[in-house]
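1. Here you go, sequence then predicted model.
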Amino acid sequence: MSAARSLTRSQVKQPIAPKEFRRVCGLFTTGVTVITAGTEGGEAEGTTVNSFTSVSLDPSLVLFCLHKESRMHAVIGRHGTFAVNFLAGSQQELARAFASRRPQGFHGVPHHFAQDGPPVLSEALAHLTCSTVAVHSGGDHDIVVGEVLELAAPGSEQDPLIFFDGTLGPLESTGGRFGQVVAPGPGPAPQGPAATPARAG
């Protein structure tokens, strides 16, 4: 009898269907970012990404995942820097626009350039500018690790844009922001979530 055990039908690993994997992972609520790269007067690109996280406090490291065929790879590779822009709840259209290729680039989008660095979305909730320190392969995506060079949160009083179950929408609360009690008063009408998922790449 062979020393190798033959696998029974129940023991054979069944592949996970990509659509089901995306559906289930979509139930994990995330924020929404636009990754930007390029220089003033030269090429500049951006793409919507929700696969972003902080990695380390010392040194200050972050990562995001980018599809291997993304146009952003070449731009980030040439310049070695990128910005992570955290979108506010009112920026759903911007998230959808950068999720697809924008032939008009940054035309009509309020932005400025970091010193010797990438474009920053001026109306974002917050941003980080980073230098690329490593790129790791991860299946059909690459994991891009960056060290934070500078950061700011000019829109920190705004509610963030979130992605859940295939939809985009602002984080809203009837009891005040994150449950904080606020004085009653007039305000903008609630905005419904969009039906377009954020993509990585």
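-> Ah, there it is.

2. How many residues are close by residue 99?
-> 21 (other Cβ atoms under 10 Å). Placement of C-beta: from N, CA and C, glycine included.

3. Quick check on it: phi, psi?
-> When read as degrees, to the nearest 10, the backbone of residue 99 gives phi -70, psi -20.

4. next one: residue 115
-> phi -60, psi 120.

5. do the same with residue 77
-> Torsion angles at residue 77 (phi, psi; degrees, to the nearest 10) stand at phi -60, psi -40.

6. cool, residue 96 as well?
-> The phi/psi pair for residue 96 (degrees, to the nearest 10) is phi -70, psi -40.

7. helices or strands next to the helix or strand containing residue 74 in the packing?
-> Per DSSP states H and E, residue 74 falls inside helix 72-79. Applying 3 or more Cβ pairs under 8 Å, 6 or more residues apart in numbering; DSSP states H and E, we find helix 72-79 packed against strand 33-38, strand 44-49.

8. So for residue 194, what's the pLDDT?
-> Reading off the confidence values, residue 194 has pLDDT 31.

9. any idea of the mean pLDDT in the helix holding residue 74?
-> Mean predicted lDDT for helix 72-79 stands at 91.

10. Now the next helix or strand after it - C-alpha only, PDB.
-> Downstream of helix 72-79, the next assigned helix or strand under DSSP H and E is strand 81-86. C-alpha atoms of strand 81-86 as PDB (Å, rounded to 0.1, in the frame of the first residue of the first chain):
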ATOM      1  CA  THR A  81       5.900  58.800  -4.500                       C
ATOM      2  CA  PHE A  82       2.100  58.700  -4.200                       C
ATOM      3  CA  ALA A  83      -0.700  60.300  -2.200                       C
ATOM      4  CA  VAL A  84      -3.600  58.600  -0.400                       C
ATOM      5  CA  ASN A  85      -6.600  60.800  -0.400                       C
ATOM      6  CA  PHE A  86      -9.400  59.900   2.100                       C
END
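
11. Now do stretch 156-165: distance from first to last residue.
-> End-to-end distance for stretch 156-165, by Cα to Cα, to the nearest Å: 25 Å.

12. tell me which residues in it are buried?
-> Neighbour counts over stretch 156-165 (16 or more other Cβ atoms under 10 Å) mark 158, 159, 160, 161, 162, 163, 164 as buried.

13. repeat for stretch 141-151
-> Judged by neighbour count using 16+ other Cβ under 10 Å, the buried positions of stretch 141-151 are 141, 142, 143, 144, 145, 146, 147, 148, 149.

14. Could you do stretch 14-30 as well?
-> Buried, per 16+ other Cβ under 10 Å, within stretch 14-30: 26, 30.

15. what do you get for stretch 119-135?
-> With burial defined by 16+ other Cβ under 10 Å, the residues of stretch 119-135 counted as buried are 119-121, 123-130, 132, 135.

16. Among those, which lie within strands?
-> The strands, defined by DSSP state E, take in 119, 120, 121, 126, 127, 128, 129, 130, 132, 135 from those.
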